[in-house]
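Undergrad: Mind looking at a prediction? Sequence and model below.
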Amino acid sequence: MPSASNFRLVETKLPSLGEGQLLLKALYLSVDPYMRGRISGVKSYAKPVEVGETIVGGGVAEVVESRHPDWKPGDVAEIYMGWQEYAISDGSNLRRIDPSVAPVSTALGVLGMPGFTAYFGLMDVCAPKPGETVLVSGAAGAVGMTVGQVAKILGCRAVGIAGSDEKVKFLVEEVGFDAAYNYRETSNHVPKLREVCPQGIDCYFDNVGGVITDAAILCLNVHGRVCICGQISQYNNTAPEMGPRLFGQLIVSRSKIQGMLVSDYAARFGEAAEKLGKWVKEGRLKYREDIVEGFENMPRAFLGLFTGDNIGKRLVKL
Ligand SMILES: NC(=O)c1ccc[n+]([C@@H]2O[C@H](COP(=O)([O-])OP(=O)(O)OC[C@H]3O[C@@H](n4cnc5c(N)ncnc54)[C@H](OP(=O)(O)O)[C@@H]3O)[C@@H](O)[C@H]2O)c1
């Protein structure tokens, strides 16, 4: 587990703008579990952040100065700007945000990367049919909350797993999950899963890995589908955790398990933004933001993801 002492706040002078460039000031910065992987020094699907470099990440920022023909002060954009208050862009890495669709902060949550992850992981990898049971772990987080609701929109039964009674109550009473349970109160997940998923599990959207996932695999129906989206319970491990060998169970259930990476779907982000935006506007897709104030609190906001401090999408407001 990283600690606040692993982070340093550094001030530098901003260079002046060149022709065709614009200066943006962050309104919201995102903290996400994947950043743990970037600072681990372990080879992955993306280049690591080296010691001393700025941590990578998404932000929603306002143009404060522009020498670019398409952007003027006051325009708002999503930009992969990292943990910094300002960014300079040539316009090529910006997604224009329309504040009339939803609050601009949603471009980092339900109408941004986490929402797209939920949408494509569920639609493409799990491909649930109406009436099927969709189980999602990390259910009260940014991705998980969206998965359960999209499953409901598709006519499925949505079941969530989360880390507190407050989160379970929120999922069932406010978000519309059919059932949920608190994994911290359960030592034996298989009977618990059989209780909350009496018809078995057709689709499992995995955000956490570990013992919860081992149990979910044992409860898969024939031709079940598992989307491995995240393994947050493993991100701070320094060695692989030993687990039961469950491949034989996949023969019994003839299930498919597939890893997914949201960036593989970049060419289809417009489709997800349109669908999710429509559902948000219609009130069929709820979202919740967990906002920490102050740039200096980025490390604390990030570390809280690993202790379950957040409900919904965690953001830092500048
Ligand atoms: N594959 C992709 O392209 C992709 C893209 C985005 C996100 N992801 C993954 O999706 C998952 C969810 O991301 P998110 O942004 O929506 O984060 P999030 O769910 O909003 O926040 C992380 C949550 O994980 C839970 N958690 C932390 N440690 C845990 C543990 N040891 N066991 C079980 N749960 C634990 C906590 O909730 P509890 O209180 O419930 O423990 C915490 O609130 C992450 O694993 C992330 O890496 C993958």
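TA: Received, thanks. Numbering: from 1, shown residues only.

Undergrad: Assign L135 to helix, strand or coil.
TA: Classification of L135 by DSSP: H, G, I helix; E, B strand; the rest coil places it in strand.

Undergrad: what's across from it in the sheet?
TA: Assessed by DSSP bridges, L135 has beta-bridge partners V159, Y204.

Undergrad: Wait, it touches G200, no?
TA: No - using C-beta atoms under 8 Å, L135 is not in contact with G200, being 9.7 Å away. (Glycine included, C-beta is placed from N, CA and C.)

Undergrad: all strands for this protein, in order.
TA: 22-30, 59-66, 76-79, 86-89, 94-96, 133-137, 157-162, 179-182, 201-206, 220-228, 256-259, 289-293, 313-317 (DSSP state E).

Undergrad: From the contact counts, what lies against the second one?
TA: Same thing as strand 59-66. In terms of contacts (3 or more C-beta pairs under 8 Å, 6 or more residues apart in numbering; DSSP states H and E), strand 59-66 is packed against strand 22-30, strand 76-79.

Undergrad: got TSV for the ones you listed, with distance to the ligand, mean neighbour count and mean pLDDT too?
TA: Compiled in TSV, those are given as follows (distance: least, C-beta to the nearest ligand atom, whole Å; neighbours: other C-beta atoms under 10 Å; pLDDT from 0 to 100):
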stretch	distance to the ligand	mean neighbour count	mean pLDDT
strand 22-30	8	22	98
strand 76-79	15	20	98
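
Undergrad: want to try CSV for those strands, with distance to L9 as columns?
TA: CSV is the format used below for those (distance: least, C-beta to C-beta, whole Å):
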stretch, distance to L9
strand 22-30, 13
strand 76-79, 20
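
Undergrad: contacting residues for the closest residue to the ligand within the stretch 1-150 of the chain?
TA: In the stretch 1-150 of the chain, the residue found nearest to the ligand is G141; the distance is 1.7 Å by C-beta to the nearest ligand atom. By C-beta atoms under 8 Å, 6 or more residues apart in numbering, G141 lies in contact with P114, N207, N310, G312, K313.

Undergrad: What about the first one, how many residues nearby?
TA: Counted by other C-beta atoms under 10 Å, the residues lying close to P114 total 27.

Undergrad: nearest spatial neighbour of it, skipping sequence neighbours?
TA: Of all residues not flanking P114 in the chain, A142 sits nearest, at 3.7 Å (C-beta to C-beta, 6 or more residues apart in numbering).

Undergrad: What of the third one?
TA: With C-beta to C-beta, 6+ apart as the criterion, N310 has its nearest non-adjacent residue at 4.1 Å, and that residue is D290.

Undergrad: what bridges to that neighbour?
TA: If you apply DSSP bridges, the partners that D290 bridges to are R314.

Undergrad: Now for it, how many residues are close by?
TA: Close neighbours of D290, defined as other C-beta under 10 Å, add up to 19.

Undergrad: Could you report the separation of it from the ligand?
TA: 8 Å (C-beta to the nearest ligand atom, to the nearest Å).

Undergrad: Enumerate the residues of the chain near the ligand.
TA: 32-34, 114, 117, 138, 140-144, 162-164, 167, 207-208, 229-230, 232-233, 260-262, 305-306, 308, 310, 314 (C-beta under 6 Å from any ligand atom).

Undergrad: rewinding a little: wait, the residue nearest to P114 sits on L305?
TA: No - counting by C-beta under 8 Å, A142 sits too far from L305 to count as a contact (9.7 Å).

Undergrad: Now the common contact residues for these two.
TA: R314.

Undergrad: who's more crowded, those two?
TA: A142 (31 against 21).

Undergrad: Can you name the residues that contact the more buried one?
TA: When contacts are counted by C-beta under 8 Å, 6+ apart, A142 touches G109, V110, P114, G115, G312, K313, R314.

Undergrad: Closest to L23 out of these?
TA: Closest approach between the contacts of A142 and L23, by C-beta to C-beta: G109, at 24.8 Å.

Undergrad: OK, contacts around the closest one?
TA: For G109, the contacting residues are G115, A142, Y287, E289, G312, K313, L315, by C-beta under 8 Å, 6+ apart.

Undergrad: redo that, cut-off 7 Å
TA: Taking C-beta atoms under 7 Å, 6 or more residues apart in numbering, we find G109 in contact with G115, A142, Y287, E289, K313.

Undergrad: Does the fourth one touch G312 like I think?
TA: The reference is to E289. Yes - with contacts counted by C-beta atoms under 7 Å, E289 reaches G312, the gap being 5.6 Å.

Undergrad: And E62, how far from V147?
TA: According to C-beta to C-beta, to the nearest Å, E62 and V147 sit 31 Å apart.

Undergrad: Provide a list of residues in contact with the residue in the stretch 151-300 of the chain that the ligand sits nearest to.
TA: Proximity of the stretch 151-300 of the chain to the ligand (C-beta to the nearest ligand atom) peaks at G230, 1.9 Å away. By C-beta under 7 Å, 6+ apart, the contact list for G230 reads P33, G138, N207, V208.

Undergrad: can you put those residues in CSV and add neighbour count and pLDDT?
TA: Formatted as CSV, the contacts of G230 follow (neighbours: other C-beta atoms under 10 Å; pLDDT from 0 to 100):
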residue, neighbour count, pLDDT
P33, 21, 98
G138, 28, 98
N207, 27, 98
V208, 26, 98
